[in-house]
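[1] Any chance you can model this:
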Amino acid sequence: MTPLTITTRNSPTGPVLRIIGELDFTTAPDLRELLATLTLEPGQLLVLDLTRMEFCDSSGISALIAARNHVQAARADIALAAVPADTLRVLRIIGLDQVFRLLPGTGS
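    Take a look at the predicted model:
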């Protein structure tokens, strides 16, 4: 099991959260807690960079949905970058690929 690490950086369009490790039942609350502290301005784009996410279970998917809800409440937008193949497959099966904007890697 790889512990979850979330790093934050700012970009010209809004914050970028890099999710490293496993986003699962035990670590998804960490993402939710961080989101609660994140202030977004209307029109900003929150990018969740999943390049180094190793695993995502249903609790992780739920945390991604919570991120989307938080962003929408701020009248901002959200995108998932570099979604790993296994997670992308799940997003497609449950239709969330139509809900989230999907981007290639962020390059950093």
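[2] The residue nearest to Arg75 when sequence neighbours are not counted: how many residues sit nearby?
    In this structure, Arg75 finds its nearest non-sequential neighbour in Pro42, 3.9 Å apart by CB to CB, 6 or more residues apart in numbering. Just so you know, the C-beta spots here come from the backbone N, C-alpha and C atoms, and that holds for glycine as well. The number of residues packed around Pro42, counting by other CB atoms under 10 Å, is 8.
[3] For Pro42, give its distance to Val71.
    10 Å (CB to CB, to the nearest Å).
[4] that older thread, for the residue nearest to Arg75, helix, strand, or coil?
    coil (DSSP: H, G, I helix; E, B strand; the rest coil).
[5] neighbouring contacts of stretch 21-38?
    Here stretch 21-38 makes contact (CB atoms under 8 Å, 6 or more residues apart in numbering) with 1-6, 8, 15, 17, 19, 46, 52-57, 59-60, 62-64, 66-67, 70.
[6] Just the strands from this protein, written as ranges.
    Applying DSSP state E to the chain gives strands spanning 5-11, 14-23, 45-49, 53-56, 77-81, 101-103.
[7] Mind listing the strands the first one pairs with, and their directions?
    Going back to what we said before, that points to strand 5-11. strand 14-23 (antiparallel) (DSSP bridges).
[8] Redo the strands of the chain as TSV? Include mean neighbour count, mean pLDDT and distance to Pro29.
    Rendered in TSV, the data for the strands of the chain read as follows (neighbours: other CB atoms under 10 Å; pLDDT from 0 to 100; distance: least, CB to CB, whole Å):
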stretch	mean neighbour count	mean pLDDT	distance to Pro29
strand 5-11	12	96	12
strand 14-23	20	97	10
strand 45-49	23	98	16
strand 53-56	20	96	14
strand 77-81	21	98	19
strand 101-103	15	96	25
